[in-house]
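**Student:** coords please:
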Amino acid sequence: ESHEIARLPFAHSWAASCTSGARCPGSDPTASFLAAEGRIEPWSDATPSLRPDSGVTVVVELPLGRKLPLLISGLILLVLIAASGAAYVEVERSAMTTATERVTALAQQLATLTKASVVARGPLMKRAATDSAVRRLLRSPGTSFLDASPGVGAALERLVIPGDSTGVIEVWDRAGHPRARFETTVVTKSDPADDAQRRMLASHESPGSAFDSVRAGPFYARGDSVYAWYVLPVADAGLATGFIAQRAKLSRNAASISAERGLREIMGPGIDLYFANANDSLRTTTTGRLSAQPRELADATGPITYRDPVTGVMLGAKAAVAATPWIIQVAMPRSIVLARPLAFLKRMSVMALVILAIGALLATDTPDGGFERGDHATTFGGSPPLAAAALAVLDAIPREGLLESPRALGAHIAARATNLSGVAPVSGA
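**Tutor:** Have a look, this model is predicted:
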């Protein structure tokens, strides 16, 4: 029906506008079709305006060229948020598991090292315990004065640790009373807190098999200092006649601070090490600084997360030092454990913001040559020529009687079929 298309005024205006080099109405098929139907004003570069009696409602929307960047950016953003959340949970779980294993292993290793240091004192203390001057002193009757004989002083001096000016080495009788003391020189000092420790340690029964074993006493505070005793029984004819005792002090001096710094370098940044008594009576750092005992960590049987009033949320573990009343506690701030997961989450958040910003930029600032109205459609669907052809066909069908022959043929077939036997009434003709 090309003659029908050619006679439409709209078709001539469309062809003329295209051949003249102006913008083709086909770039907006809907507007062109409405113009052909007489519902809007003919095509112009301006946005077509509806006639008051057109009965058509126009919904103003963002062009597809601007909606696509937003839709794609939003989809990528949702996927990134979901993936980042799932990845953060997994990374956090992995970091906490690794940190828990680390503090647990550290506590156990340090407990083993501490036990080894206690055992290492055994040979020197046994050498003093078997000295003839010491045995002779313990066989003699006790007096109210400390022995100051050169032989006993020389035996005790062998236990002095180089650089330790605070250590005290003593000989006790079976009841824990001091019989001799070495403290840089043999002196006659005493203290009630030390007396309580002596009586407590001496009261423990020492079996024969333990005569060669060093026993450690609990930590105790005296003033602003923390002390602990090492004790080795002195055996004579298979019986314990007394003790060699050495008092160690946890002090904050240059040597202890340097040792603590070295431990931190080995353990890692932010990790704290504490000594505590098994009965939770005292907790101290390696430099003798007293610390409050967290109830949660004291009651825990394994690694635990707890809140410290000073350092915040901590991940802690503890291990008992074999054959001593001591416990090693290792604590790590939870913030350090979560530092890497949080850094990962921040990176993902920055990526999400960048993607969202790019989408918004593309949606608000479409570059030249981007999508225009009607550009993104089918090749021929809705174009003005096809719309005009469809209208011409609809006009030609009643005008040329194209439906009369099919209707007559249908009525003839229905009439003949009705006379056939066994045929039900025919409908649809």
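
**Student:** show me what Arg307 is bridged to.
**Tutor:** Val313 (DSSP bridges).

**Student:** mind listing what it touches?
**Tutor:** Residues in contact with Arg307 (C-beta atoms under 8 Å, 6 or more residues apart in numbering) are 294, 296, 313-314. The way it works is simple: take the backbone N, C-alpha and C, and place the C-beta from them, glycine included.

**Student:** what about the most centrally placed residue in the chain, helix or strand, and which?
**Tutor:** With distances taken as C-alpha atoms, centre = their mean, Glu92 lies nearest the centre of the chain, 2.8 Å away. For Glu92, the element it lies in under DSSP states H and E is helix 64-120.

**Student:** now do that helix, average pLDDT.
**Tutor:** For helix 64-120, mean pLDDT is 85.

**Student:** what about dumping the CA coordinates of the next helix or strand after that helix to PDB?
**Tutor:** Next along the chain after helix 64-120, taking DSSP H and E as the criterion, comes helix 122-129. In PDB, the C-alpha atoms belonging to helix 122-129 read as follows (Å, rounded to 0.1, in the frame of the first residue of the first chain):
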ATOM      1  CA  GLY A 122      68.400 -26.100  90.600                       C
ATOM      2  CA  PRO A 123      72.100 -27.000  90.000                       C
ATOM      3  CA  LEU A 124      73.400 -23.700  91.700                       C
ATOM      4  CA  MET A 125      71.000 -24.000  94.600                       C
ATOM      5  CA  LYS A 126      71.900 -27.700  95.100                       C
ATOM      6  CA  ARG A 127      75.500 -26.800  95.100                       C
ATOM      7  CA  ALA A 128      74.900 -24.400  98.000                       C
ATOM      8  CA  ALA A 129      72.700 -27.000  99.700                       C
END
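
**Student:** run through who's touching helix 122-129.
**Tutor:** Outside helix 122-129, the residues touching it (C-beta under 8 Å, 6+ apart) are 134, 155-156, 158-159, 169, 212-214, 230, 232-235, 244, 246.

**Student:** buried residues in the next helix or strand after that helix?
**Tutor:** Using DSSP H and E, the helix or strand that follows helix 122-129 in sequence is helix 132-139. Across helix 132-139, burial judged by 16 or more other C-beta atoms under 10 Å covers 133-135, 137-138.

**Student:** check which helices and strands the helix or strand following helix 132-139 sits against.
**Tutor:** Moving toward the C-terminus from helix 132-139, the next helix or strand (DSSP H and E) is helix 150-157. Using 3 or more C-beta pairs under 8 Å, 6 or more residues apart in numbering; DSSP states H and E as the contact definition, the elements that helix 150-157 packs against are helix 132-139, strand 168-173, strand 178-182.

**Student:** next up, the contacts around Arg340.
**Tutor:** Applying C-beta under 8 Å, 6+ apart, the residues contacting Arg340 are 91, 95.

**Student:** please redo it, this time with the cut-off set to 7 Å
**Tutor:** By C-beta atoms under 7 Å, 6 or more residues apart in numbering, the contact set of Arg340 is Ala95.

**Student:** check the one 4 residues further on too.
**Tutor:** When the contact criterion is C-beta under 7 Å, 6+ apart, the partners of Phe344 are 88, 91.

**Student:** so it is in which element?
**Tutor:** helix 339-364.

**Student:** for the protein, what are the low-confidence residue spans?
**Tutor:** Filtered on pLDDT under 70, the chain yields the residue ranges 1-66, 162-166, 184-190, 205-211, 362-382, 428-429.

**Student:** before we move on, the earlier item: with distance to Ile266 added, can I get the buried residues of helix 132-139 in a markdown table?
**Tutor:** Conversion of the buried residues of helix 132-139 to a markdown table gives the following (distance: C-beta to C-beta, whole Å):
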| residue | distance to Ile266 |
| --- | --- |
| Ala133 | 42 |
| Val134 | 38 |
| Arg135 | 42 |
| Leu137 | 43 |
| Leu138 | 42 |
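
**Student:** just the closest of those residues to Arg334, please.
**Tutor:** Val134 (52.0 Å; C-beta to C-beta).

**Student:** with adjacent residues omitted, what lies nearest to the closest one?
**Tutor:** Spatial nearest neighbour of Val134, excluding adjacent residues (C-beta to C-beta, 6 or more residues apart in numbering): Ala155 at 5.3 Å.

**Student:** that neighbour against Arg135, yeah?
**Tutor:** No. Assessed by C-beta atoms under 7 Å, Ala155 is found out of contact with Arg135, at 9.8 Å.

**Student:** contacts only, for Tyr220.
**Tutor:** 193, 197, 227, 282.

**Student:** over to it: give its phi and psi.
**Tutor:** Main-chain dihedrals, Tyr220, degrees, to the nearest 10: phi -150, psi 150.
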